[in-house]
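Q: pasting a predicted model and its sequence here:
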Amino acid sequence: MQCYLPFMSVTTIPLTILGLESSCDDTAAAILREDQDGIHILSSVVSGQTDLHAAFGGVVPEIAARAHAEKLDLMVEAALQQANVSLAQINAIAVTSGPGLIGGVLSGVMAAKGLALGLGIRLIGVNHLAGHALTPRLTDGIGFPYLVLLVSGGHCQFLRVDGPQDFTRLGGTIDDAPGEAFDKTARILGLPQPGGPSVESAARNGDPRRFALPRPLLDRPGCDLSFSGLKTAVLRARDALISEKGGLTEQDRADLCASFQAAVADVLAEKSRRALADQGDLTAFAVAGGVAANQTLRAALKEVAGDTPFLAPPLALCTDNAAMIAFAGLELFRLGVADDMTLAARPRWPLDQTAPALLGSGKKGAKA
Ligand code: KG4
Ligand code: ZN
């Protein structure tokens, strides 16, 4: 059960918090400290599982869960060592308790419970999406309210953030997440996984106007998005080239990647323009999640932001990491939030409880 503690117990300074993340295919631990000078990331370590899943064309939940269980204590040890902090100096533990692949989330929650119980310190369950959405406060210290576009391998949504627990979803994908579309496009074109970086790199030498790929849902009002038709269009364009010429040249690949990337950027930019137009009083427009690493997308979003300050966190804090979980935990700590040993792992956990559920369940787990 989550509860709120009395004011006196939430003012500890300096405060050192351990964050754990294991909701998808990255096992991560981080240590954050808040003192009079501000908030410092003392360490943030991530161990990816790309190699373990490479042969299967997606994340295999059972393999992921086992790898998390094997790696979590090693990651905690590494985070402590890098931070030069001992377990006895940790004041609280924040852990991703959803949404995500249930086995992985469970691994993290159980590890966090064991540590919190053993050390007699506060346990705080954190929503993974809140971790991404609050990151611009960690990196740039911005105030509320702001707009965040969360774009990753499992998620795509526009969130208005009014507080550490106050999120309004303005729109989101009705099928695939953009990262999935990047990964699928890479697979269709025989490029290595994860697809985002390889598509972006191939696109550098490509012509974004050569293939007229669709811009899904632009004809409909609102901020909802769709990406599954786009990846099918890439598949059709590839097959047309193969039946015409018997195969793909480097240039064909580069042009397809550039055309695909331009379509994703166009759609996200136009929907961002609409989301921004609806909200008058924002401190910033921020992008978060793994796809936020994409430079073409960043440039397109910066342009539509206009006078609203545009923020894109450093790459290591865009992709899954535990510093963002520790920070979200810190925000909750300040509010007096505490969980007990009944903290549950939640495969689905929408940030905006009032918004209608999004469709689909991606290869990286249930969407919120
Ligand atoms: O946030 P993240 O690390 O994991 C979750 O999905 O939660 O995001 C990973 C996704 C992958 O689909 C990957 O292909 C995509 O982010 N990605 C990119 C780039 N770097 C990573 N997509 C486009 N361009 C990139 N440079
Ligand atoms: Zn994520």
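A: Yep, that arrived. Ligands and ions are numbered 1, 2, ... in the order given.
Q: now Gly131, nearest residue through space, not along the chain?
A: With CB to CB, 6 or more residues apart in numbering as the criterion, Gly131 has its nearest non-adjacent residue at 3.8 Å, and that residue is Met324. No exception for glycine: its C-beta is placed from N, CA and C like everyone else's.
Q: what's the one you found in contact with, if anything?
A: By CB atoms under 8 Å, 6 or more residues apart in numbering, Met324 lies in contact with Gly19, Glu21, Gly131, His132, Leu134, Thr135, Leu138, Leu317.
Q: Ala265: which element?
A: Assessed by DSSP states H and E, Ala265 sits inside helix 250-278.
Q: quick one: mean pLDDT over stretch 296-310.
A: Per-region confidence: stretch 296-310 scores 96 on mean pLDDT.
Q: just the CA atoms of that stretch, as CSV, please.
A: Taking Å, rounded to 0.1, in the frame of the first residue of the first chain, the C-alpha atoms of stretch 296-310 are listed here in CSV:
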residue,chain,number,x,y,z
THR,A,296,16.3,14.8,-37.3
LEU,A,297,13.4,14.4,-34.9
ARG,A,298,15.0,16.8,-32.4
ALA,A,299,15.5,19.4,-35.0
ALA,A,300,11.9,19.1,-36.2
LEU,A,301,10.5,19.4,-32.7
LYS,A,302,12.7,22.3,-31.8
GLU,A,303,11.3,24.2,-34.8
VAL,A,304,7.7,23.7,-33.9
ALA,A,305,8.4,24.6,-30.3
GLY,A,306,8.8,28.2,-31.5
ASP,A,307,9.0,30.5,-28.4
THR,A,308,8.5,27.7,-25.9
PRO,A,309,11.9,26.5,-24.7
PHE,A,310,12.7,23.1,-26.2
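Q: distance between it and the chain's centre?
A: 19 Å (CA atoms, centre = their mean, to the nearest Å).
Q: how about that stretch: buried residues?
A: Buried residues in stretch 296-310, counted by 16 or more other CB atoms under 10 Å: Thr296, Leu297, Arg298, Ala300, Leu301, Lys302, Val304, Ala305, Thr308, Phe310.
Q: need the residues of the chain near ligand 2, please.
A: Selection of the chain residues close to ligand 2 by CB under 5 Å from the ion yields Ser152, Asp320.
Q: hmm, back to that, which one of the contacts of Met324 sits closest to ligand 1?
A: His132 (7.0 Å; CB to the nearest ligand atom).
Q: pop out the phi and psi values for the residue nearest to Gly131.
A: The phi and psi values for Met324, taken as degrees, to the nearest 10, are phi -70, psi -30.
Q: and what of Phe182?
A: Per-residue torsions, Phe182: phi -60, psi -40 (degrees, to the nearest 10).
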